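>>> Sequence and computational prediction follow.
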Amino acid sequence: MNLFITWNVNPEIFSIGGFSIRWYGLMFVFSFYFGYLIVSRMLKKEGVAENMFDKLLTWMIIATIVGARLGHVLFYQPNYYLKHPLEILLIWEGGLASHGAAIGITIALWWFARKEKIDFWLLTDRIVIAVALAGFFIRMGNLFNSEVFGRPTTLPWGFIFTSVDSIPRHPSQLYEALAYLLIFFFLFWYYHKKQCKPERGVLFGWFLMLIFGVRIIIEFLKEPQVDFEQTMIFNMGQILSIPLVIAGMYFVLRKKE
């Protein structure tokens, strides 16, 4: 007897007039809130002025949203947005790519470190710990939205997303969320194992290798996100993840400074 899980959660927590609070938005807020608490405590312990991170937080929010949106536009639907360029601004209608967010955050960190004359790796190796936790919250937001779901399955923990169809599917959002949470704990543990002074770039390397390695594996269980992926052996998410995994391996295995 199959014990499938019927998933019919309303994406909206509540709505008043034309204003609504959605689970995805709440998860997005949680990602920044808890990330701020974790990284600010790390940097404060390491002698970085508190107002420095307050300024960095603003950069991170902008870089995440802009990078994720442009990543989706350029990697997944460039032809559509070339014809409808103003719709690039409609981020509340969906369409954010984690690879774009990763690129945006890295560029923002490099620019901020240069502007404030602070070590790039001091920031980056701490920020990625919070970003891994953010990945957990974002995928949980996808679960509440019944989006980014998996292929059909006969496994007993398959989810029936009632807003999509009546077919039991892999809860790929949950797979990724739990994997990212474990990666967060690993990175946090490694940071403290090194007495809060990890080798420069190593945490960044582990982050890239583990986060995007998991992404490559779980993508095999997901439904294609856009039409052009239907005939691809490796989808766009996997193709974009491969060079990031290789870069991560380089940072982990390179000769330590």
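On my side now, so go ahead.
>>> so where do the helices sit in the stretch 101-250 of the chain?
Under the criterion DSSP state H, counting those that start in this stretch, helices of the stretch 101-250 of the chain are mapped to 120-144, 172-193, 202-219, 236-253.
>>> Which among these is found nearest to residue 70?
Residue 70 sits nearest to helix 236-253 of all the helices of the stretch 101-250 of the chain, at 13.2 Å, using CB to CB. (Each C-beta comes from the backbone N, C-alpha and C, glycine too.)
>>> list the buried ones in the closest one?
236, 237, 238, 239, 240, 241, 244, 245, 248, 251, 252 (16 or more other CB atoms under 10 Å).
>>> same question, stretch 16-33
Result for stretch 16-33 [16+ other CB under 10 Å]: buried residues 22, 23, 24, 25, 27, 28, 30, 31, 32.
>>> My guess is the third one contacts residue 141. True?
Yes: at 3.7 Å, residue 24 counts as touching residue 141 under the criterion of CB atoms under 8 Å.
>>> and for those two, which residues touch both?
Contact with both residue 24 and residue 141 is made by no residue, according to CB atoms under 8 Å, 6 or more residues apart in numbering.
>>> start to end distance for stretch 133-152?
Terminal residues of stretch 133-152 lie 28 Å apart, using CA to CA, to the nearest Å.
>>> whoops, stretch 185-204 was the one
14 Å.
>>> Show me how far it is from its chain's centre.
With CA atoms, centre = their mean, to the nearest Å as the basis, stretch 185-204 stands 20 Å off its chain's centre.
>>> Can you tell me what sits against that stretch?
The contact list for stretch 185-204 (CB under 8 Å, 6+ apart) reads 38, 42, 45-46, 119, 121, 124-126, 128-129, 132, 206-207, 210, 248, 251-252, 254, 256-257.
>>> Mind doing that once more with 6 Å?
121, 124, 125, 128, 129, 132, 251, 252, 256, 257 (CB atoms under 6 Å, 6 or more residues apart in numbering).
>>> Enumerate the positions of it that are buried.
Buried-residue list, stretch 185-204, by 16+ other CB under 10 Å: 186, 187, 188, 191, 198, 200, 201, 202, 203, 204.
>>> Among the residues you listed, which one lies nearest to residue 60?
Nearest to residue 60 among the buried residues of stretch 185-204, with distances taken as CB to CB, is residue 204, at 15.0 Å.
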